[in-house]
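Student: can you look at this prediction? I've put the sequence above it.
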Amino acid sequence: MILHHIQCSPTQSSALKTCLRYIAPSDSILLSGNAVNCLLTRVWQQQLQPYRLMLLHDDVVARGLQDRLSAYKQIGYSDFVEQTLTHKKVISW
Amino acid sequence: MKKLCIVFRQGPHGTAHGREALDLALLSASFEQEVSLVFTDEGLLNLLNNQSPETIGAKDYIATFGALPLYDVDTILVCQDSMTELSLAEVDIKLEVEVCSPQRIASHLSHVDEVLVF
Amino acid sequence: MSKFIIQVNSPAYGSASSYSAYRFAEAALKNGHLIDKVFFYQDGVLNTNHLNSPASDEFDLGRAWLSLSEHYKVPLVNCVSAALRRGVLSQTDAKENQLPHWNMEPPFIMGGLGELVIGIESADRLVSF
């Protein structure tokens, strides 16, 4: 059970695309920084739909996206820390 | 001793990612860690023959990949899908590697202790 | 209580990742965990440039790292070869390279990649930013 940590939007970096090539069904994805932006697009909404997905709350609020992304689970830094421990490892792509 | 996997995701010379990934790989191996490497996306281009990095003022760290067997780094996985995407063949690659499926790489990532992506 | 090692690979300014690393480190310590060290590699070494001068109304990440180290005694370690290539030098490095200036001060210290590897070996979790 891996926590995949993505910090860049897929328009900036292939991190998210590469992560999806190697992700297992029991893994989770945490989007932080500009990575949260991808959920505004239908393509990425669909691609990420099968996975346990979390967004870093402060990054969503900072970008004024809280209403648009309210359907997704959002966590704070304290939770982020604990998620890295409940998962077996963290891969920052 | 931990199992460390270093992932090369970016092409060589345009940024320092490949060089600094290789530095860490060799150093970790010399510190008696069980080191494995994964090459995906343009990271595969680190392994091409006939590179001349000096042409663009970059250091030829590519030659240093040849030292990996001396450091007992034996598990070197290359993603078949990336290879196809980049129209590369096994003969283009200068190291002895295992070209494998994304599933094989996924299972490798789940078995090691830590993964560092460059 | 768990032990973390945090790796910072992005610059202090121009990328949000280093700030995120700082917030993560702070949250881990507040949750009662230990941090073996914060290790600066790649462009992360630019966090340790003492000459970074953000405007007075901006978040000062350099100062934030210092106060974290002061409050929780977290070692802040630079990869020396990554730092030298990017123009980040301690007083000792300046002397060795016959340079009149340096821009890295304690509590930031220079170390080798070996310190990252040893840290990973002893920590429960590596988290990179």
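Tutor: Noted; the coordinates are in hand.

Student: now the helices for chain B?
Tutor: Secondary structure of chain B by DSSP state H: the helices cover B:17-30, B:80-85, B:102-111.

Student: chain C now?
Tutor: In chain C, helices defined by DSSP H lie at C:17-30, C:61-72, C:80-85, C:91-96, C:113-122, listed in chain order.

Student: strands paired with the helix or strand hosting A:His4, and their directions?
Tutor: Using DSSP states H and E, the element containing A:His4 is strand A:2-6. Strand A:2-6 has the following strand partners under DSSP bridges: strand A:28-31 (parallel), strand A:89-92 (parallel).

Student: kindly reformat those as CSV containing mean pLDDT and mean neighbour count.
Tutor: In short, each C-beta sits where N, CA and C put it, glycine included. Listed next are the strands paired with strand A:2-6 as CSV, based on pLDDT from 0 to 100; neighbours: other CB atoms under 10 Å in any protein chain shown:
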stretch, mean pLDDT, mean neighbour count
strand A:28-31, 98, 23
strand A:89-92, 98, 22
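
Student: most tightly surrounded among the helices of chain B?
Tutor: Mean neighbour counts were compared across these using mean count of other CB atoms under 10 Å in any protein chain shown; the top stretch is helix B:17-30, at a mean of 21.

Student: residue contacts, C:Asp36?
Tutor: By CB atoms under 8 Å, 6 or more residues apart in numbering or on different chains, C:Asp36 lies in contact with C:3-5, C:75, C:119, C:122-123.

Student: please apply the same query to C:Lys30.
Tutor: A:Ser78.

Student: tell me the pLDDT at it?
Tutor: Note on C:Lys30: pLDDT of 98.

Student: and for the closest residue in space to B:Ile93 that isn't next to it in sequence, the neighbour number?
Tutor: The shortest distance from B:Ile93 to any non-neighbouring residue, by CB to CB, 6 or more residues apart in numbering or on different chains, is to B:Leu47 (4.6 Å). For B:Leu47, the neighbour count with other CB atoms under 10 Å in any protein chain shown is 22.

Student: again with the one 3 residues further on
Tutor: Around B:Asn50 there are 7 other residues, counting by other CB under 10 Å.

Student: can you name the residue of chain A nearest to chain C?
Tutor: Nearest residue of chain A to chain C, counting by CB to the nearest CB: A:Tyr77, 3.7 Å away.

Student: now do the strand holding A:His4 and helix B:102-111, the angle between them.
Tutor: 110 degrees (axes from the mean of the first three to the mean of the last three CA atoms, to 10 degrees).

Student: from chain B, how far off is C:Val74?
Tutor: 20 Å (CB to the nearest CB, to the nearest Å).

Student: picking that back up, and A:Ile6, which of the helices of chain B is closest to it?
Tutor: helix B:102-111 (15.0 Å; CB to CB).

Student: quick check: mean pLDDT of that closest one?
Tutor: Helix B:102-111 comes out at a mean pLDDT of 98.

Student: are that helix and chain A in contact anywhere?
Tutor: Yes - using CB under 8 Å from any CB of the partner chain, helix B:102-111 comes into contact with chain A via B:102, B:105-106, B:109-110.

Student: ok so, going back, which of the contacts of C:Asp36 are close to chain A?
Tutor: Among the contacts of C:Asp36, proximity to chain A is found for C:Phe4 (CB under 8 Å from any CB).

Student: in strands, which of the contacts of C:Asp36 appear?
Tutor: C:3-5 (DSSP state E).

Student: list the contacts of A:Met1.
Tutor: A:26-28, A:86-88.

Student: one more: C:Arg23?
Tutor: A:58, A:77.

Student: likewise C:Glu115?
Tutor: Contacts of C:Glu115 (CB under 8 Å, 6+ apart): C:37, C:39, C:77.

Student: of these, closest to chain B?
Tutor: Of all the contacts of C:Glu115, C:Phe39 has the smallest distance to chain B: 10.8 Å, by CB to the nearest CB.

Student: thinking again about what came up before, just the buried residues out of the contacts of C:Asp36, in ChimeraX syntax.
Tutor: Buried members of these, defined by 16 or more other CB atoms under 10 Å in any protein chain shown, are picked up in ChimeraX with:
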select /C:4,5,75,119,123
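
Student: just send the contacts of C:Asp36 back as a markdown table, with distance to A:Thr11 and pLDDT too.
Tutor: Shown next, in a markdown table, are these (distance: CB to CB, whole Å; pLDDT from 0 to 100):
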| residue | distance to A:Thr11 | pLDDT |
| --- | --- | --- |
| C:Lys3 | 36 | 98 |
| C:Phe4 | 31 | 98 |
| C:Ile5 | 31 | 98 |
| C:Pro75 | 37 | 98 |
| C:Gly119 | 34 | 98 |
| C:Ser122 | 38 | 97 |
| C:Ala123 | 33 | 98 |
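
Student: which pLDDT value belongs to the closest residue to B:Leu44 other than its chain neighbours?
Tutor: The shortest distance from B:Leu44 to any residue other than its chain neighbours is 5.4 Å, reached at B:Ser82 (CB to CB, 6+ apart). At B:Ser82, the pLDDT value in this model is 98.
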